[in-house]
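**Student:** only the shape, not the letters, is given here:
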């Protein structure tokens, strides 16, 4: 294992699950850090920047959904929920709060490794695109996860919101169907994915100061998908 291998943090109050995941991930070439309490995990984040955070929702000292929301807003890492809560509403809530994926317990460790690898592959920068996109008076900095308006006022966006924004900016003036979004962004198709996309697009429109009744940049083509209407320059 090399020092530049991706770092995966594991936040779960069950020692057996932490050990199982750490062993599987390290055998697959990842570095790991494991925590049983949210306070320990959050203290470690001040000193390190993980590539992927695995977060259980049932924690002894803090609500897991609160941790997920804070990670989505404040960290550049991907957030994958691992939870015994299998209800659709729990999956939808987790994805709405900014999680990139949701894995239900019990799970096979190899599935977790495969999901992490798939997410990191999608996160690799395209040779044809950079980390900065300019469009319609806005600048999106994907290395810092912020939007800048014409007055240089910065508005942060989550990693999950950034995935959707980048998808639009890489395919301007082209219809993007729900199926195409699901294939590009990963995750299981269905109600939870559709709801999560609706929330992320709504939040992006708010951050781009769009009129929700008549958006100019991200247009909904009912029954077909979405289209981004701005001109985009990458650097």
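**Tutor:** Perfect, thanks for sending it. Because the structure is a prediction, the values reported are computed rather than measured.
**Student:** can you name the element that comes right after the longest helix belonging to the chain?
**Tutor:** When the chain is parsed with DSSP state H, its longest helix is helix 191-207. Per DSSP states H and E, the first helix or strand lying C-terminal to helix 191-207 is strand 218-221.
**Student:** just checking, what packs against that next one?
**Tutor:** helix 191-207, strand 225-228 (3 or more CB pairs under 8 Å, 6 or more residues apart in numbering; DSSP states H and E). Glycine gets a C-beta too; all of them are placed from N, C-alpha and C.
**Student:** mind putting those into JSON lines with mean neighbour count and distance to residue 140?
**Tutor:** Listed next are the helices and strands packed on strand 218-221 as JSON lines, based on neighbours: other CB atoms under 10 Å; distance: least, CB to CB, whole Å:
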{"stretch": "helix 191-207", "mean neighbour count": "18", "distance to residue 140": "10"}
{"stretch": "strand 225-228", "mean neighbour count": "19", "distance to residue 140": "12"}
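**Student:** worst average pLDDT in those?
**Tutor:** The minimum mean pLDDT among the helices and strands packed on strand 218-221 belongs to helix 191-207 (a mean of 85).
**Student:** show residues contacting that one.
**Tutor:** 88, 91-92, 95-96, 102, 147, 155, 157, 160-161, 164-165, 178, 181-182, 187, 212, 215, 217-218, 226 (CB atoms under 8 Å, 6 or more residues apart in numbering).
**Student:** one more time with 7 Å, if that's ok
**Tutor:** 88, 91-92, 95-96, 147, 155, 157, 160-161, 164-165, 178, 181-182, 187, 212, 215, 218, 226 (CB atoms under 7 Å, 6 or more residues apart in numbering).
**Student:** and it, how far out from the chain's middle?
**Tutor:** 12 Å (CA atoms, centre = their mean, to the nearest Å).
**Student:** what's the weakest-modelled helix or strand in the chain?
**Tutor:** One helix or strand of the chain scores below all others by mean pLDDT, DSSP states H and E: helix 88-96, with a mean of 81.
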